[in-house]
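Q: pasted the sequence and its predicted model underneath.
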Amino acid sequence: MAVHLSFDSPGTQPVPCHFPALVEGGLVVVLEGRFFVKEPSGAFTALPAGFVGTARAVPLTLYRTPRLSYAGLRLQPTGTLGLLQSSPLSLPHQFADAADVFGQAWPQLVERIRTETDPERRLASLLMFARERLRDEVHLQRVRRAALLQQVALRAAAPEDAVGFSVRQFERVFAGTFGLTPKLFQRVARVEGLLRDALATSATDAGLALRHGYYDQSHMARDLRMLAGASLGTLIEAARQQDSENWALAVGVAQ
């Protein structure tokens, strides 16, 4: 999915943005302003103006300048790995500098996007760039391999049949490829699907929990607190507020 968002908040201090754990990745071009991560020391470190984000197993808080505009793609886990040249385990904060990943092709794309004023055309250029890279045989092979591993992790195939590995071999290879263990990948993917469902339908009951493979609501609530940082009701209410710090949850959800 492609997104083009702009913020213009009052004040001068960095504004927090809360994200749940995700198996999805993202490709982002910041057109105005900047995103930051907050270090344990309390200092803010700016992310590159263009970056690729990968799967992560814990909630994340980024900070943005009050005025911010960006174009981006939300990527399936396999697509993220196809775009990259290295394992997510080697990336600081799970983000790769797009200029390092894509080389000279990246500034050319950014210039093309910046000179275009129509958001849809900007996103079309970004989407075409990603598609062209993923058509390259080297990157296509990474996508295919990752897709087989993902099928096994989501229990759509057995490791011996899909990739010819024993269970232990598969777990090592999967973790080295995605940056998450297969079991944790399953849990994060389940919470991600649950949040989309809840935001689209406003459901918070036991039926929602059962629909997404939980034993009961308390089981669901534990995963939400661990992987999204709050209760389901709190997350839904926060995502629907104007200028919410949880705005990322509502991206792509029909209101």
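A: Thanks, I have the structure now. Residues are numbered from 1 along each chain as shown.
Q: mind checking the longest helix of the protein?
A: Counting residues, the longest helix found in the chain (DSSP state H) is helix 182-201.
Q: I'd assumed residue 157 was in a strand, is it?
A: No - secondary structure of residue 157 (DSSP: H, G, I helix; E, B strand; the rest coil): coil, not part of a strand.
Q: so what does the worst-scoring helix or strand of the chain on mean pLDDT touch, helix or strand wise?
A: Ranked by mean pLDDT, DSSP states H and E, the helix or strand of the chain with the weakest confidence is helix 159-162, at a mean of 78. Where contact means 3 or more CB pairs under 8 Å, 6 or more residues apart in numbering; DSSP states H and E, helix 159-162 is packed against helix 137-153, helix 167-178. In this view, the C-beta of every residue, glycine as well, is placed from N, C-alpha and C.
Q: residue 246: which of those helices is closest?
A: Closest of these to residue 246 is helix 167-178, at 24.9 Å (criterion: CB to CB).
Q: isn't residue 214 up against residue 222?
A: No - the pair residue 214 / residue 222 is not scored as a contact, 9.2 Å apart, by CB atoms under 8 Å.
Q: more neighbours: which of the two?
A: The residue with more neighbours, out of residue 214 and residue 222, is residue 214; 20 against 11, by other CB atoms under 10 Å.
Q: what's the closest non-adjacent residue to the more buried one?
A: With sequence-adjacent residues excluded and distances taken as CB to CB, 6 or more residues apart in numbering, residue 214 is closest to residue 220, at 4.2 Å.
Q: my reading is that the one you found lies in a helix. Confirm?
A: Yes - looking at residue 220 with three-state DSSP, it is inside a helix.
Q: can you give me the neighbour number for it?
A: Close neighbours of residue 220, defined as other CB under 10 Å, add up to 24.
Q: distance-wise, check residue 230 relative to residue 24.
A: Residue 230 sits 19 Å away from residue 24, going by CB to CB, to the nearest Å.
Q: do residue 148 as well
A: Residue 148 sits 19 Å away from residue 24, going by CB to CB.
Q: hmm, residue 76 is touching residue 24, no?
A: Yes - Residue 76 is in contact with residue 24 according to CB under 8 Å; the separation is 6.8 Å.
Q: circling back: which residues are in contact with the residue nearest to residue 214?
A: Contact analysis of residue 220 by CB atoms under 8 Å, 6 or more residues apart in numbering lists 194, 208-209, 212, 214, 232.
Q: redo those as a markdown table? Include pLDDT, secondary structure and distance to residue 242.
A: Listed next are these as a markdown table, based on pLDDT from 0 to 100; DSSP: H, G, I helix; E, B strand; the rest coil; distance: CB to CB, whole Å:
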| residue | pLDDT | secondary structure | distance to residue 242 |
| --- | --- | --- | --- |
| 194 | 93 | helix | 24 |
| 208 | 89 | helix | 25 |
| 209 | 90 | helix | 29 |
| 212 | 92 | coil | 28 |
| 214 | 90 | coil | 31 |
| 232 | 91 | helix | 20 |
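Q: for residue 203, which non-adjacent residue is spatially closest?
A: That would be residue 197: by CB to CB, 6+ apart, it lies 6.7 Å from residue 203.
Q: hmm, the one you found is touching residue 212, no?
A: Yes - the pair residue 197 / residue 212 is scored as a contact, 7.0 Å apart, by CB under 8 Å.
Q: who has more neighbours, the two?
A: A direct count of neighbours by other CB under 10 Å for residue 197 and residue 212 places residue 212 higher, at 18 against 15.
Q: ok, now how distant is the residue nearest to that one when sequence neighbours are not counted from residue 226?
A: Among residues not flanking residue 212 along the chain, residue 194 sits closest, at 4.4 Å (CB to CB, 6+ apart). Using CB to CB, residue 194 is found at 13 Å from residue 226.
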